[in-house]
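Q: here are the coordinates; sequence isn't available:
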């Protein structure tokens, strides 16, 4: 069994509140049925000039 690093950039939709963010990120990461996610964290947040929010998410998965 190998541990693999996961890095994703996710666009944070306007309709997702800060309260709903955790569940939304988990749902986005779980969209791949071949990935068993062990841990994840939001490691960055950027906002573009036009207001689009982008999350940097990193994690560890079984491979």
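A: Arrived safely. This is a predicted model, so every value here is computed, not measured. Residues are numbered from 1 along each chain as shown.
Q: Break down this structure into its helices, ranges please.
A: 21-29 (DSSP state H).
Q: what's the longest strand in it?
A: strand 36-47 (DSSP state E).
Q: partners of that strand, with directions?
A: strand 53-62 (antiparallel) (DSSP bridges).
Q: Would you indicate which residues of the strand it pairs with are buried?
A: Buried residues in strand 53-62, counted by 16 or more other CB atoms under 10 Å: 55, 57, 59, 61. C-beta here means a position set from N, CA and C on the backbone, and glycine is covered the same way.
Q: Looking at those, which one is closest to residue 2?
A: residue 61 (9.5 Å; CB to CB).
Q: which residues does the closest one contact?
A: 3, 4, 6, 35, 36, 37, 38 (CB atoms under 8 Å, 6 or more residues apart in numbering).
Q: nearest to residue 19, of the residues you listed?
A: The closest of those, once distances to residue 19 are taken by CB to CB, is residue 37, at 21.3 Å.
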